[in-house]
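sequence unknown, structure follows:
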């Protein structure tokens, strides 16, 4: 009778240990998946901010019939800064500091290409 109780207790301990191992593996896997999902979510948020800026830039600057006012320039500059991307900010500054229309056109093309390249999902 005592041997039978020891066997049952031993079996229960082995099953309990196996359950803990399975849960630990599952938890580790879930953490990895959560990190990947969070990284993708952050990338999607950044893509959304870039696309919002591009939409506003095209509507308010490229399609403008008159000179862009100070408030619009300030709002666009703030959107660029919120992207927290030094390459985009540097290119934006090159565009805004352009001295001629030809130079501005060249810099805006570079800016738009950079924005598009930054919205692609990095693998």
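Yep, it's here. Note that the structure is a prediction, hence the values are computed from the model and not measured.

Point out where this protein drops to low pLDDT.
121-123 (pLDDT under 70).

That one: helices as residue ranges?
All helices of the chain, identified by DSSP state H, fall at 2-57, 70-82, 86-96, 101-119.

Check those helices for me and report the most buried one.
Among the helices of the chain, helix 86-96 has the highest mean neighbour count (mean count of other CB atoms under 10 Å), at a mean of 16. The C-beta positions use only the backbone N, C-alpha and C, and glycine is treated the same way.

Check which helices and strands that helix sits against.
Using 3 or more CB pairs under 8 Å, 6 or more residues apart in numbering; DSSP states H and E, the elements in contact with helix 86-96 are helix 70-82, helix 101-119.

Just give me the residue right at the centre of the chain.
residue 43 (1.9 Å; CA atoms, centre = their mean).

Please report how far it lies from residue 26.
Distance of residue 43 to residue 26, given as CB to CB, to the nearest Å: 26 Å.

just residue 86 next, same as before
When CB to CB is the yardstick, residue 86 and residue 26 sit 40 Å from each other.

what sits up against stretch 43-56?
Residues from elsewhere that reach stretch 43-56, judged by CB atoms under 8 Å, 6 or more residues apart in numbering: 75-76, 79-80, 82-83, 88, 112, 115, 118-119, 121-122.

Output those residues in JSON lines, with distance to residue 67 appended to each entry.
Converted to JSON lines, these look like this (distance: CB to CB, whole Å):
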{"residue": "75", "distance to residue 67": "15"}
{"residue": "76", "distance to residue 67": "14"}
{"residue": "79", "distance to residue 67": "19"}
{"residue": "80", "distance to residue 67": "19"}
{"residue": "82", "distance to residue 67": "24"}
{"residue": "83", "distance to residue 67": "25"}
{"residue": "88", "distance to residue 67": "24"}
{"residue": "112", "distance to residue 67": "20"}
{"residue": "115", "distance to residue 67": "23"}
{"residue": "118", "distance to residue 67": "28"}
{"residue": "119", "distance to residue 67": "29"}
{"residue": "121", "distance to residue 67": "37"}
{"residue": "122", "distance to residue 67": "37"}
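
Setting aside sequence neighbours, what's the nearest residue to residue 114?
Distances taken as CB to CB, 6 or more residues apart in numbering place residue 91 nearest to residue 114, at 5.3 Å, with adjacent residues excluded.
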